[in-house]
Structure formats: structure tokens, C-alpha cells
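1. Next input, structure requested:
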Amino acid sequence: MLAWFLILAALGLRGVIGNPEVLQALNPYWAIHFFLEYKVVSFVALGAVVLSITGVEALYADMGHFGKLPIRVAWFLVVLPSLVLNYFGQGRCC
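-> Below is the predicted model:
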């Protein structure tokens, strides 16, 4: 698992370095603009976001096995940075 997330982070970092403009997505202005400009599409996108959040329920099963602290450390030090870098790297392609 660690190798998988490190590869995701490396590939995403390569994309961000190639096109650092994707970091503008951190500005909330663009989210508000998206929702005001594309009402129907933004409703569908918000539905996809909510659907992805429901997958977090599996995390609670892991908490029963490992406890809160190891899950938090793994999430904030490995999983979250790797996924954020990877998603920004994918944003380079669009």
C-alpha cells in the first residue's frame, strides 16, 4: 500500500511541476464561479463528491482493528498528500 501511494504522489508531483497553474483550484473563487456558471453540471459534480465521501465508512472498520492514532497518522502523512498530489497532477491533463 505504501508503494502504491508513493507512486501516486510521484506521478502527481510530476504533473503539478509540469503545469503549476492547477494549484489555482485551491482558490474558493473558482468553486463558487463553477457553481454559479454551470448549475446543472455543478449539481451532478456535487453528487459525485457526496458519493465519494460515503466510501469513508470503511475507515471506521479499520479503526476497530488499528485504533484512531495509527489511522490518523497514515491518513494525514501518506494517503491525503498522495491523493491530493495525484488529483492535481490529473488536472494538468484537462
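2. longest single helix anywhere in the protein?
-> Longest among the helix segments of the chain by residue count, using DSSP state H, is helix 2-18.
3. Going by neighbour count, which residues in that helix are buried?
-> 5, 8-9, 12-13, 15-16 (16 or more other CB atoms under 10 Å). Every C-beta, even on glycine, is put in place using the N, C-alpha and C of the backbone.
4. any idea which helix or strand comes after it?
-> helix 28-37 (DSSP states H and E).
5. give the contact list for the residue nearest to residue 19 when sequence neighbours are not counted.
-> Counting by CB to CB, 6 or more residues apart in numbering, residue 19 lies nearest to residue 92, which is 4.1 Å off, once chain neighbours are set aside. Residues near residue 92 by CB atoms under 8 Å, 6 or more residues apart in numbering: 15-16, 18-19, 22.
6. Tell me which helix or strand in this protein has the weakest average pLDDT.
-> Within the chain, no helix or strand scores below helix 57-66, which has a mean of 75 by mean pLDDT, DSSP states H and E.
7. Can I get the next helix or strand after that one as PDB, trimmed to CA atoms?
-> Moving toward the C-terminus from helix 57-66, the next helix or strand (DSSP H and E) is helix 68-74. Provided in PDB are the C-alpha atoms of helix 68-74 (Å, rounded to 0.1, in the frame of the first residue of the first chain):
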ATOM      1  CA  LYS A  68      -7.600   6.100  16.000                       C
ATOM      2  CA  LEU A  69      -4.000   7.200  16.100                       C
ATOM      3  CA  PRO A  70      -2.500   4.900  13.500                       C
ATOM      4  CA  ILE A  71      -5.300   5.600  11.100                       C
ATOM      5  CA  ARG A  72      -4.900   9.400  11.500                       C
ATOM      6  CA  VAL A  73      -1.100   9.200  11.100                       C
ATOM      7  CA  ALA A  74      -1.400   7.100   8.000                       C
END
